[in-house]
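[1] Everything below, folded, please.
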Amino acid sequence: MHIEKNVCDNILYTLLNEKSKTKDNLNARKDLQDMGIRRDLWPDDNGKYHLALYSLTRDAKKVFLATLKNVRVPDGYSSNISRCIDEAQQKIIGLKSHDCHILIEQLLPLAIRNVLPNQVTSVLIEFCSFFRILCGKSLSRTELDKLQDRIVITLCHLEMLFPPSFFTVMVHLTVHLVEKAKLGGPVHYRYMYPIERKLGHLKFFVRNKAHPEGSIAEGYLAEESLTFCSWYIDDMETRFNRPSRLCYDPPYEMSSVLPKLGTPHGGHSNFNLTKIEKLQAHRYVVYNHEGVKPYINAFRDHIRRTSKGRRLSPAEIEKKVNKDFVDWFQALSVNPDNPYEMSTDIKFLARGPMMNARRFSVYDINGLIHTGEREEHEPYIEASQAQMVYYVDDMVNKGWSIAVHVKPRDMYDIGQGNEDIVYENEPYQEQELEQLFDPNNEYIQLATNLLDSDAIEDNVATNLARDMFE
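    Here you go, the predicted structure:
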């Protein structure tokens, strides 16, 4: 936890070249000069120096910060990281430990892919992938052995790019994390997040700063006493009978045909479905409902009997089913001579949806529903078929997004699930660093043509102060 936080801060503030927190400052450049290495990064007599390959320019900072600013993750997945992004000042402020956990494992590799050279991007993605694999819910000893070799090589490549000041003790400790995982097991059982959260809760009890221990003891005793009494109070709201923030219990009895999953939030608006939208929704529901499958098979038999002696291929039969089954099923439900015994729910299902529908601004469920424009598209899914996923907009290639699959935090692989529909946090593809770094070349040209001052975005306050003195 704390190693992730410190490593993430090192990377972020060095990439953004933030003066007070970057590891690539004037003193770091002077250290290079004293050590007699990386001559192209040495400062001149006036203290000016060229930006390195890993430093973001003004335009690159805008793309990088806009990518992080526009990320929308599933509910409860992380805090609102966009609140920490200051696009005007081109800074990141107020990151918590869990924010850094999400950034370094999930978002940072996606944000740097179009703003840094391939050498820097590949090394950082490999470094982030190390934390992502190590923090998985299940670990393999064989994979851990391979991971140990990968982190050693990754750190060597980092040393080829970043200055010595970048490698604080926290960065060096990453090489020992694999051995620690072998001894202690999966990392999430040893996280400090719940402990830090509890300590923060106890810190809230402090009223007399001269005696914080006494304040915490009194506050804790009062809270435990009220908690004990609340177990015996039935006619008022307590923390034990209070509805959760996300309540999934429907307020009324639902049909067994389409059970309600998820819950809406915020306002809603009414609209009328078009003929295509109504057909798409009706067709998808009846095709994916277990109670309708006998009727689909009966309609296939009906197609074969009425084919006038011509033998239809399976593709032709499925095409007719896709086109005509909904109308046949609807006519069958109102036919008084119906040879099949249909329940009331199936009859209502055959009639199809109403033309009037509601659109919610937010619907909390572990997936997304998109819309289609043509009749053959299938823009709808059932709520039970949704998977937890979020999208990261590509700020360079407008109109494109990166889909990121995640496994819900309360889901564990116990060997009985369907691996096709349960996603572990997908590790990034292993980077082929050997192809980006020539083993025969001991030094890489790191300096760019831009000076350090070229990467600083002038803000309103700076311009105002300059105008006053001029």
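
[2] For Ile402, see how far away Gly101 is.
    For residue 101 the amino acid is His, not Gly. 19 Å (CB to CB, to the nearest Å). Quick note: C-beta positions are derived from backbone N, CA and C, even for glycine.

[3] So for these two, which residue has more residues nearby?
    His101 (20 against 13; other CB atoms under 10 Å).

[4] burial of the closest residue to the more buried one other than its chain neighbours, as a residue count?
    The shortest distance from His101 to any non-neighbouring residue, by CB to CB, 6 or more residues apart in numbering, is to Glu4 (5.4 Å). Counted with other CB under 10 Å, the neighbours of Glu4 add up to 23.

[5] nearest residue to Ser325 other than its sequence neighbours?
    In this structure residue 325 is Phe, not Ser. Per CB to CB, 6+ apart, closest to Phe325 is Phe299, 5.2 Å.

[6] what kind of secondary structure is the nearest residue to Arg113 once chain neighbours are set aside in?
    Counting by CB to CB, 6+ apart, Arg113 lies nearest to Thr121, which is 6.0 Å off, once chain neighbours are set aside. Here Thr121 is helix, with the state taken from DSSP: H, G, I helix; E, B strand; the rest coil.

[7] Thr121 and Leu103, how far apart?
    Taken as CB to CB, the span from Thr121 to Leu103 is 16 Å.

[8] what do you get for Gln33?
    With CB to CB as the criterion, Gln33 and Leu103 are 33 Å apart.

[9] before we move on, what about Asn322?
    According to CB to CB, Asn322 stands 45 Å off from Leu103.

[10] Of those two, which one has the most company?
    Leu103 (26 against 13).

[11] List the contacts of that one.
    Cys8, Leu12, Leu68, Ile81, Leu95 (CB atoms under 8 Å, 6 or more residues apart in numbering).

[12] Sort out for me which of these are in helices.
    Cys8, Leu12, Leu68 (DSSP state H).

[13] Isn't the first one up against Gln106?
    No - contact criterion CB atoms under 8 Å: Cys8 and Gln106 do not qualify, at 11.5 Å.

[14] rewinding a little: pLDDT of the host helix or strand of the residue nearest to Phe325, averaged?
    Element membership of Phe299, judged by DSSP states H and E, is helix 293-305. What helix 293-305 shows for mean pLDDT is 87.

[15] helices or strands next to that helix in the packing?
    In terms of contacts (3 or more CB pairs under 8 Å, 6 or more residues apart in numbering; DSSP states H and E), helix 293-305 is packed against helix 314-334.

[16] Quick check: buried residues in the helix it packs on?
    Judged by neighbour count using 16 or more other CB atoms under 10 Å, the buried positions of helix 314-334 are Ile317, Lys320, Val321, Phe325, Val326, Trp328, Phe329, Gln330, Leu332, Ser333.

[17] what angle do that helix and helix 293-305 make?
    Helix 314-334 and helix 293-305 meet at an angle of 120 degrees, taking axes from the mean of the first three to the mean of the last three CA atoms, to 10 degrees as the criterion.

[18] got the angle for the helix or strand that helix 314-334 is followed by vs helix 314-334?
    Next helix or strand after helix 314-334 toward the C-terminus (DSSP H and E): helix 344-351. With the same axes, to 10 degrees as the basis, helix 344-351 and helix 314-334 are set at 120 degrees to each other.

[19] Report all helices and strands that helix 344-351 contacts.
    Under the contact rule (3+ CB pairs under 8 Å, 6+ apart), helix 344-351 is packed against helix 275-287, helix 314-334.

[20] For stretch 17-28, measure first residue to last.
    12 Å (CA to CA, to the nearest Å).

[21] same deal with stretch 17-36?
    So stretch 17-36: terminal residues 23 Å apart, CA to CA.

[22] ok, residues contacting it?
    By CB under 8 Å, 6+ apart, stretch 17-36 touches 9-10, 13-14, 16, 38, 41-43, 47, 49, 51-52, 54-56, 91, 162-166, 168, 452, 455-456.
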